[in-house]
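> only geometry, no sequence info:
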């Protein structure tokens, strides 16, 4: 993999003017990056209880039990700019008509106030489903699903404008690892009808939302689904690719080939669910990751070294591919992590693993312009190069983005 | 598996009249089945040389070198009513503009004269491709592919009215096991565009053809492709499912589940390519069957017993499923068989394996009405039950087919 980041970076010739609009000649000013355009994300599931308060019902995975808001927020906000919040139907509406809207709204606001883009996951899926849906007639399930999509996409518009509109459609109609009401609906209606339902309802309720088609199946099956969806004229905004690597890092070559395959549809790629382990790997014969249940899955020193090395390789290869627009890591801490796996960047006690520092070395190191003193020329210009994103010069904002080569700031 | 054949059988009350249209009362007549409606097929590749004469160029697989026409024809015609003939582009047109039309026409005629339905395989595929296509611009490859489809579907209309319109579309754009000109076209145009090209050109050239979408990939990928193709409004007449079982018989439960999955699209299922081995199995780690090349692959006594048992189980389960309309076995003899595998119902020396007799015990035994003496009632009626198909009573034809409960024959 060539570590070529030309598609991620730009160079802006900044004209710095004094308040009376004269060039600030031959002076030192501080230039600093404030935010990446690239979405470096993680789940924000842990914040739902810490910010929104406890729930009466059992939480879904990703609910740290032992760590405080200060430790988590400090680590989380130090690296990430995009948070995925959980809207699993079974967790969000465990009793018909009683939703977790209050806590999710509070959490989304708390994140947004800290400059974090909030994403919802997922509007339609067949897993983590409420029991009360079981046994209802298909037409009623469809009407309830449509109402839920509209309520979420519309009700959270402005606060949450990115959604996994539908999750794991490839397996949806033939899913056999747990009773749910969505699988029979998908069997009867077909996959494309399910995708159309999710995207059209969400689009109507929030026309400016970014809607993602998301799947773990990266085989030709997903290509076939995407080609059918595009052929059917359904507008999707991004192709979501999960890469839960509980069975081992898949390597740059595999990722490059996979990204090229999905990039050929001309849509942005969102790496929606990314994990790398800092403990022993799940055996390769496990097909549904949920089937691997063990009492304890420790993070180990060797595992932590491996995770740190692999996370750097993985992020480099993904950010290096022009089609990738976001990477969402799936877990900040091992405390309460999905499947109990040591996927976090923090250990269960809140201490930082090598992977945290390694990733910080990229996102807030190699790929980041820290506060830097620069000297303007006689005409008040100074040239700033960096990753696409938001910057300040002397505290005044400007941006580096594709196609822009000059900007002016007035102090 | 319930061995329920109600969907395959009927009962007709036959009124037998004398030439002067009087009831033939209380007389013995001979009733006999002549043909199955169900397509029991096999490849007829071996007949191309034996009937059509030798070729200047190397044959494709399925060209018996040591057996004579008499031995092969006797065994073949004793069991099968539908023949698949090879139209691989690379074999059919090894030099641009020089086709094997003469031999294929002669072979198809010879088969048709013997009451055999002839099927062509395949109009579009990425394997067994001519070298002269390599390196041509995509647009030219597409134009040549379209011309070929029209020429074959139109040129053979009336003689060949069943085609595998496109073969193995799921893997087509990402096929990596051999340079060819079709894979880049499929990558650029997309799978659905390839399917549309195959079906629309063939349909235009032969409006009464039965056009089959055929694949070896029976995973969710194929479901996704089918759903996309149907959503795109492309009319397909049958879903083709290959079952080359070089790595072992997959069992009734797998087949039932698979047939149910593909039957839900409401289209007939054609079991286009069926093989069971009478020798050792191919190791399970082989992904592309073509990669397993060994100098000798013998048929063994134990293997032949296993093959005979499995072919009965397999055919029972397939014929037992209402959506299945045809089964094409893939090889009559081990002589010249695909991959050199012992898939035949005849050994390489032409002697019959137990599988031949076992299959005959179904197709021309348990599922067949041999010439049978029956006595008419006083009103000239006699009731005949049997598999849907063509029959004679006293040499006069009648049919048993779905929905028909009575018929009249005039002697």
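Received the coordinates, thanks. Keep in mind the model is a prediction, meaning the values are calculated, not measured.

> Hmm, residue A:259 and residue A:324 touching each other?
Yes. Applying Cβ atoms under 8 Å as the test, residue A:324 and residue A:259 come out as touching, 6.6 Å apart. Every residue, glycine included, has its C-beta placed from N, CA and C.

> joint contacts of these two?
In terms of Cβ atoms under 8 Å, 6 or more residues apart in numbering or on different chains, residue A:324 and residue A:259 are both contacted by the residues A:269, A:318.

> Could you pull out the helices in chain A for me?
A:45-52, A:69-79, A:89-92, A:101-113, A:138-155, A:182-189, A:191-205, A:220-231, A:251-263, A:301-319, A:354-361 (DSSP state H).

> Now do the fifth one: distance to the chain's middle.
A distance of 24 Å separates the centroid of the chain from that of helix A:138-155, by Cα atoms, centre = their mean, to the nearest Å.

> Which strands or helices does it pack on?
strand A:162-167, helix A:182-189, helix A:191-205 (3 or more Cβ pairs under 8 Å, 6 or more residues apart in numbering or on different chains; DSSP states H and E).

> can you give me the angle that helix makes with helix A:191-205?
Per axes from the mean of the first three to the mean of the last three Cα atoms, to 10 degrees, the angle that helix A:138-155 makes with helix A:191-205 is 40 degrees.

> for the record, mean pLDDT for helix A:138-155?
Mean pLDDT, taken over the full extent of helix A:138-155, equals 98.

> ok, now stretch A:120-128?
The model assigns stretch A:120-128 a mean pLDDT of 97.

> picking up where we left off before, just name the most buried of the helices and strands packed on helix A:138-155.
Sort the helices and strands packed on helix A:138-155 by mean neighbour count, taking mean count of other Cβ atoms under 10 Å in any protein chain shown, and strand A:162-167 sits at the top with a mean of 28.

> Other residues contacting that one?
Contacts of strand A:162-167 (Cβ under 8 Å, 6+ apart): A:82, A:117-125, A:149, A:152-153, A:194-195, A:198-199, A:202, A:209-215, A:236, A:240, A:272.

> Just the ones in strands from those, please.
Counting by DSSP state E, the part of the contacts of strand A:162-167 found in strands is A:82, A:117-121, A:210-215, A:240, A:272.

> so which of those residues comes closest to chain B?
residue A:215 (10.4 Å; Cβ to the nearest Cβ).

> Just list the residues touching that closest one, thanks.
Going by Cβ under 8 Å, 6+ apart, the list of residues near residue A:215 reads A:167-170, A:222, A:225, A:240-242.

> circling back: want to throw the ones in strands among the contacts of strand A:162-167 into CSV with distance to residue A:64?
Below are the ones in strands among the contacts of strand A:162-167 laid out as CSV (distance: Cβ to Cβ, whole Å):
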residue, distance to residue A:64
A:82, 19
A:117, 21
A:118, 18
A:119, 19
A:120, 20
A:121, 18
A:210, 28
A:211, 29
A:212, 25
A:213, 30
A:214, 24
A:215, 27
A:240, 25
A:272, 21
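
> Sort out which of those residues are buried, if you could.
A:82, A:117-121, A:210-215, A:240, A:272 (16 or more other Cβ atoms under 10 Å in any protein chain shown).

> For chain B, give me its nearest residue in chain A.
residue A:228 (2.2 Å).

> so where's chain A shaky on pLDDT?
A:1-3, A:57-62 (pLDDT under 70).

> ok, 90 please
Applying pLDDT under 90 to chain A picks out residues A:1-4, A:54-67, A:177, A:287-288, A:290, A:336-338.

> Distance of the spatially most central residue of chain A relative to residue A:213?
Nearest residue to the geometric centre of chain A (Cα atoms, centre = their mean): residue A:328, 3.2 Å. Look at residue A:328 and residue A:213: by Cβ to Cβ, to the nearest Å, they are 15 Å apart.

> how about the helices of chain A in CSV, adding distance to residue B:7?
Output for the helices of chain A, formatted as CSV (distance: least, Cβ to Cβ, whole Å):
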stretch, distance to residue B:7
helix A:45-52, 52
helix A:69-79, 61
helix A:89-92, 40
helix A:101-113, 52
helix A:138-155, 26
helix A:182-189, 22
helix A:191-205, 28
helix A:220-231, 31
helix A:251-263, 42
helix A:301-319, 53
helix A:354-361, 59
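
> Got the domain ranges for chain A?
A:3-27+A:376-410, A:38-366 (automatic domain parsing).

> Tell me the residues of the stretch 251-400 of chain A that contact chain B?
A:261, A:264 (Cβ under 8 Å from any Cβ of the partner chain).

> and residue A:151, how many neighbours does it have?
16 (other Cβ atoms under 10 Å in any protein chain shown).

> cool, residue A:50 as well?
Counted with other Cβ under 10 Å, residue A:50 comes out at 19.

> Now do the contacts for it.
Residue A:50 touches A:64, A:68-69, A:72, counting by Cβ under 8 Å, 6+ apart.

> can you do 6 Å?
Applying Cβ atoms under 6 Å, 6 or more residues apart in numbering or on different chains, we find residue A:50 in contact with residue A:69.

> Residue A:216 and residue A:242 touch, don't they?
Yes. If you go by Cβ atoms under 6 Å, residue A:216 and residue A:242 touch, sitting 4.1 Å apart.

> Can you pick out the residue with more neighbours from the two?
Comparing residue A:216 with residue A:242 by other Cβ under 10 Å, the one with more neighbours is residue A:242, at 21 against 18.

> show me the contacts for the more buried one.
By Cβ under 6 Å, 6+ apart, the neighbours of residue A:242 are A:216, A:272-273.

> Ok, which of the helices of chain A comes nearest residue B:404?
helix A:182-189 (33.0 Å; Cβ to Cβ).

> Which residues does that closest one contact?
A:126, A:138, A:141-142, A:172-173, A:175, A:194.

> out of the domains of chain A, which comes closest to residue B:248?
Proximity to residue B:248, assessed across the domains of chain A by Cβ to Cβ, is greatest for domain A:38-366 (18.1 Å).

> Show me how far that closest one is from its chain's centre.
Worked out by Cα atoms, centre = their mean, domain A:38-366 lies 7 Å from the chain centre.

> Just the endpoints, please. Distance across it?
Its first and final residues considered, domain A:38-366 spans 14 Å by Cα to Cα, to the nearest Å.

> again, but for stretch A:370-382
16 Å.

> One more: stretch A:79-94?
Here stretch A:79-94 reaches across 33 Å from its first residue to its last, counting by Cα to Cα.

> what residues does that stretch touch?
A:35-36, A:39-45, A:57, A:60, A:99-100, A:111, A:116-121, A:128-130, A:152, A:328, A:360, A:363.

> List buried members of those by neighbour count.
The buried subset of the contacts of stretch A:79-94 - by 16+ other Cβ under 10 Å - is A:35-36, A:39-45, A:60, A:99-100, A:111, A:116-121, A:128-130, A:152, A:328, A:360, A:363.

> wouldn't residue A:129 be in contact with residue A:180 here?
Yes. Look at residue A:129 against residue A:180 with Cβ under 6 Å: they come within range, at 4.0 Å.

> Strands of the stretch 251-400 of chain A, start to end?
Under the criterion DSSP state E, counting those that start in this stretch, the stretch 251-400 of chain A contains strands at A:269-276, A:324-329, A:372-375, A:381-387, A:389-393, A:396-400.

> okay, the angle between the first one and helix A:301-319?
Using the same axes, to 10 degrees, one finds that strand A:269-276 and helix A:301-319 are set 170 degrees apart in direction.

> Identify each buried residue in strand A:269-276, please.
Quick answer for strand A:269-276 (16+ other Cβ under 10 Å): A:269-276.
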